[in-house]
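*Asks:* heads up, no residue letters with this:
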């Protein structure tokens, strides 16, 4: 195994919350040195969100932050102070990539906009993730990922027939934009390697999310109608959805916990396999269900029959029976199930590194493997400002006395 692909690449990371940090997390996974610029005056929101380690609130104890900032270093700078801005400029001079996800104009007000920094770092690559992009009539609008989900059309497509639009249960636009941004950074690095030129990468969370709702857009454009909300059903496949299984035998928190399994049947052959697996082979030739169009017409009856079978079994039992029969099915997995899953653990997906304040905790690691490059999570997420002095004196050549002076002046808060 050789070194990670981005070993030797440095990222000055001014981003916060989720979209930007998720981008730089991918770069850290690929071996880049990522230095997060933070401030205690306005900590990253993800340092102030649960879940908390041991239910104790603290800026270094938030699972949200600690998940998405593995492998990074943290430097505390108060960019309202001129000395801190000069530190940032010095860091950028020694970096390859500058990342931020502020609305248009914020970095410019710090004197750190793309046109400003390319004067002293001509080959810099700046990646900017904002809600609406750096141009256009909405470019100055403030945005958070949850609002982008309905704005991109996801909510209009999500929900049950006859019901209202529904949210997708997470701020999907944020990590999606982060992945897009990491891809764009890799392309820009390749371009710079060939030409020596840096560039500005302008990403819009809205556009990144809308690129994933093309089925709805196509239906509107081609059939001139809005797609209907279908719950868990598919326009063509049946059965397709989640089916109630046997409740957990032991209550949790004093309440009964229901369990579910997902089943998707793509064609008539798979339908007959499902019927045989349920020991109801005769349903395979039942006129109500023998073809996909017939199953769609009788979908309520179909789902009632399947639920009667699944409800007597655990989701794990249903999964095993159907997978062995060649039918796509799997448990609707709870977080505890994920953390204890033998497949994920055997593949080494989870990492457990010693955090300086909360000790060893399990986190999701790198969701891909490279056969020729060693990529692994090197360090846990940093404490706020943990590496400030190390970066200042080691990388940026400030003296200890200068660091003391800046700290006393409030530039490193």
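*Replies:* Now that the structure is in, tell me what you want to look at. If you're wondering where the values come from, they're calculated on a predicted model, not measured in any experiment. Numbering: from 1, shown residues only.

*Asks:* and stretch 206-226, how far out from the chain middle?
*Replies:* 22 Å (Cα atoms, centre = their mean, to the nearest Å).

*Asks:* list of residues touching that stretch?
*Replies:* Stretch 206-226 is contacted from outside by 131-133, 143, 148-149, 151-154, 156-157, 172-173, 176-177, 180, 227, using Cβ atoms under 8 Å, 6 or more residues apart in numbering. C-beta coordinates here come from the backbone N, C-alpha and C atoms, glycine included.

*Asks:* mind listing the strands for the protein?
*Replies:* 10-13, 33-38, 72-76, 97-100, 125-130, 199-204, 240-244, 260-264, 328-331, 350-355, 359-364 (DSSP state E).

*Asks:* of those strands, which is nearest residue 375?
*Replies:* Of all those, strand 350-355 sits nearest to residue 375, with 11.8 Å by Cβ to Cβ.

*Asks:* count of neighbours near residue 410?
*Replies:* 13 (other Cβ atoms under 10 Å).

*Asks:* ah, wrong one, I meant residue 4
*Replies:* 19.

*Asks:* my guess is it contacts residue 375, does it?
*Replies:* Yes. If you go by Cβ atoms under 8 Å, residue 4 and residue 375 touch, sitting 5.1 Å apart.

*Asks:* quick one: common contacting residues for the two?
*Replies:* With Cβ under 8 Å, 6+ apart as the test, residue 4 and residue 375 both reach 30-31.

*Asks:* quick one: residues contacting residue 302.
*Replies:* 238-239, 288-289, 295.

*Asks:* same question, residue 237
*Replies:* 264-266, 292.

*Asks:* setting aside sequence neighbours, what's the nearest residue to residue 106?
*Replies:* residue 100 (7.6 Å; Cβ to Cβ, 6 or more residues apart in numbering).

*Asks:* tell me what that neighbour is bridged to.
*Replies:* Beta bridges link residue 100 to residue 128, judged by DSSP bridges.

*Asks:* count of neighbours near residue 401?
*Replies:* 8.

*Asks:* can you give me the pLDDT of it?
*Replies:* Among the per-residue scores, residue 401 shows a pLDDT of 97.

*Asks:* any idea how far it lies from residue 94?
*Replies:* 21 Å (Cβ to Cβ, to the nearest Å).

*Asks:* kindly report the same for residue 238.
*Replies:* 59 Å.

*Asks:* what about these two, which has more around it?
*Replies:* More crowded of residue 238 and residue 94, by other Cβ under 10 Å: residue 238, with 24 against 14.

*Asks:* where is the longest helix in the chain?
*Replies:* If you go by DSSP state H, the chain has its longest helix at helix 173-195.

*Asks:* neighbouring contacts of that helix?
*Replies:* 6, 9, 17-27, 96-97, 99, 123, 125, 127, 129, 145-146, 148-149, 152, 197-199, 201, 203-206, 208-209, 212.

*Asks:* please check those and keep the buried ones.
*Replies:* 6, 9, 17-27, 96-97, 99, 125, 127, 129, 145, 148-149, 152, 198-199, 201, 203-206, 208-209 (16 or more other Cβ atoms under 10 Å).

*Asks:* got a list of what residue 364 touches?
*Replies:* So residue 364 contacts 67, 349-351 (Cβ under 8 Å, 6+ apart).

*Asks:* show me what it is bridged to.
*Replies:* Applying DSSP bridges, one finds that residue 364 bridges with residue 350.
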